[in-house]
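Colleague: Provide a 3D model corresponding to the input given below.
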Amino acid sequence: QVQLVESGGGLVQAGGSLSLSCAASGRTVSSGAMGWFRQRPGKEREFVAVIAWGGAITDYPDSVKGRFTISRDNAKNTVYLQMNSLKAEDTALYYCAADPDATYSTSRYPSDYDYWGQGTQVTVSS
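Modeller: Here you go, the predicted structure:
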């Protein structure tokens, strides 16, 4: 079992920055892919970023590419999401997810992830 706890959400003005963290405990996730997703009210969960186990492979959708950066510290079993140039449309509940068995691959699909955190709210005021 893996427990994921997100932190770092909050209220920020458009154009500002926030940094999210996701701490994992229980079974190690350092050998698998870690992802961030978000969900806006009335919308489906949306892929935001993913990082492979070694950190060399990352993937982002066009909506956040160039503004968001995912990173990880396997020694701390923690993944981060640096969000810059935030827009009102980035407002959502942000979730961390883990796929411990995805050693060399990454996925944009929520169904590929086995473990999820409770989410942290990010609100961007325009």
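Colleague: give the contact list for residue 20.
Modeller: 6-9, 36, 80-81, 83, 94, 96, 120, 122 (C-beta atoms under 8 Å, 6 or more residues apart in numbering). (Each C-beta comes from the backbone N, C-alpha and C, glycine too.)
Colleague: residue 73 now?
Modeller: 79-80.
Colleague: now do the strands in this protein.
Modeller: For the chain, the strands defined by DSSP state E cover 2-7, 10-13, 18-26, 33-39, 46-51, 58-59, 68-73, 78-83, 92-99, 115-116, 120-125.
Colleague: which regions of the protein lie under the pLDDT threshold?
Modeller: Filtered on pLDDT under 70, the chain yields the residue ranges 29-30.
Colleague: for the residue most central in space within the chain, give the beta-bridge partners.
Modeller: Centroid-nearest residue in the chain, with C-alpha atoms, centre = their mean: residue 36, separated by 2.1 Å. Beta-bridge partners for residue 36, by DSSP bridges, are residue 49, residue 96.
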